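Asks: give me a model of this one.
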Amino acid sequence: MNYFVVSDLHIGFGPLADFTNDHDLVRFLDSRTRGDHVVFNGDAFDFAQTPASRSEEVPSPSVEGNPTLGATEEESRRKLQLIVEGHPELFDAMREMTLNRGVRITFVAGNHDVDLLWPGVTDDLARACGTGGIPGTVSRDLRLDSKKHADVIVFHGHQHAGPANRFDRWDDGPFLTSRDGVRHLEQPWGARLMTSLMNPVDLHFPFVDNIRPLSRLAVACRRTNKRYLAILRELITSQLGDVLAIDSDSQLPIDDARKLRVYGGLENEEAIAWLGTVAVDGGTELDAGLLVHRDARSSVLMDIHGRESKELARHAESLLRRGYSLVICGHTHERIPIGLGRAQYINTGTWIPYMKPGVDNILPTGEIERYRRHDPELFDVSLTYATFEHDAVEGLIGEACLEPWPLTSGC
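Replies: Down below sits the predicted model:
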């Protein structure tokens, strides 16, 4: 069977949605033939940036009083309904591919579409893409074995790339029950940062999640866009307490609730700028009553310095040394092919636009509409996917490849 793996499309609905390449994805799906298996390896959908109703611009951050609680099953189902309604051509192509050509399709859950693990959302998605009644539409990973050994593993990667997006209850189901008995998704620190802080910023500055690494955004904004820093600082002092304050297991007490020194090495200029506060003599004090969890402090630096990619690559290489022939991940949005002897680690990257190098100096607010429409002079998009052939007896046949899909619709 031939496998085709893509990840991190971030298909969403509403003003925060970044995916605009429906036409190119439809062409990709239309090119699949009987006997193929398409795998969406996490974050195919962006529930974290999709509201639960058309009347909302951004998703509600969390349950009041407990930011570790995310969406309920009903809220997640409403989000999926909006995503399906917002991309009719795409879901028509999925149904035509599965129902008329017999192509298999699997959605591996990621941190932005963990909502797929709700039973009701799984059923809704299966109906939307034409796989109703076929087991395995949604899973936590895809493992392919041969008669010889465990051969191929495909997983998103957020559980092995640092603490920011790691779910404590991933294997048993990332769900928590509130005090009033309602089940919610578990919401790790990275999700709280997205919903409480980054989503409101994205409304004002739509490039905020389209520039990598974050240190590049920080330095550019520190140099050219004081308005961005002012808005981000205001959001931090009003929202970051909810993002970081409560952890399911522990919290750190702060003696002076009016003044917080961000510990854990946030003394470098890039991290300070990203947090939106102006450094004075290396200080990083914020006027807010906040509690900072230890994982959150390390995660900020990890994201800025690209350590997530390194941690995920180390985990993938450990799996290769244990006998896997091929490991495929996503999550970090970086296209990576690595060979370890005859074994391979591939990261499939992302299909969303990222700002080109050398345009950081045009961040003033007068350019916002160019960012909002993903002007191709400012943004690059690379539609990459992994492909390989696997047989249940012989195992992996030949080498896997990381391939580009031709872009026709611009950014």
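Asks: okay, now the unreliable bits of the stretch 301-411 of the chain?
Replies: Across the stretch 301-411 of the chain, residues meeting the criterion (pLDDT under 70) sit at 301-306, 358-374, 409-411.
Asks: show me where it has strands.
Replies: Remark: strands assigned in the stretch 301-411 of the chain by DSSP state E, counting those that start in this stretch are 326-329, 335-340, 343-348, 354-355, 379-380, 383-391, 395-405.
Asks: tabulate those (JSON lines), appending distance to Gly14 and mean neighbour count.
Replies: To be clear about C-beta, it is placed using only N, CA and C from the backbone, and glycine gets the same treatment. Below are these laid out as JSON lines (distance: least, C-beta to C-beta, whole Å; neighbours: other C-beta atoms under 10 Å):
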{"stretch": "strand 326-329", "distance to Gly14": "28", "mean neighbour count": "27"}
{"stretch": "strand 335-340", "distance to Gly14": "28", "mean neighbour count": "14"}
{"stretch": "strand 343-348", "distance to Gly14": "25", "mean neighbour count": "24"}
{"stretch": "strand 354-355", "distance to Gly14": "20", "mean neighbour count": "21"}
{"stretch": "strand 379-380", "distance to Gly14": "20", "mean neighbour count": "18"}
{"stretch": "strand 383-391", "distance to Gly14": "23", "mean neighbour count": "19"}
{"stretch": "strand 395-405", "distance to Gly14": "26", "mean neighbour count": "15"}
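Asks: adding distance to Lys147, write those strands out as JSON lines.
Replies: As requested, the strands of the stretch 301-411 of the chain are arranged in JSON lines below (distance: least, C-beta to C-beta, whole Å):
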{"stretch": "strand 326-329", "distance to Lys147": "17"}
{"stretch": "strand 335-340", "distance to Lys147": "23"}
{"stretch": "strand 343-348", "distance to Lys147": "18"}
{"stretch": "strand 354-355", "distance to Lys147": "42"}
{"stretch": "strand 379-380", "distance to Lys147": "43"}
{"stretch": "strand 383-391", "distance to Lys147": "10"}
{"stretch": "strand 395-405", "distance to Lys147": "8"}
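Asks: tell me which of those strands lies nearest to Ala109.
Replies: For the strands of the stretch 301-411 of the chain, distance to Ala109 was read as C-beta to C-beta. The smallest value, 13.3 Å, belongs to strand 326-329.
Asks: now do the closest one: everything it contacts.
Replies: In this structure, residues lying in contact with strand 326-329 by C-beta atoms under 8 Å, 6 or more residues apart in numbering are 5, 7, 41, 151-157, 312, 316, 319-320, 343-348, 386, 388, 396, 400.
Asks: strand partners (parallel or antiparallel) of it?
Replies: When sheet partners are counted by DSSP bridges, strand 326-329 sits next to strand 150-154 (parallel), strand 343-348 (parallel).
Asks: contacts for the longest one next, please.
Replies: Defining contact as C-beta under 8 Å, 6+ apart, one finds that strand 343-348 is touched by 5-8, 41, 157, 309, 312-313, 316-317, 320, 324-332, 334-338, 384-386, 399-400, 402.
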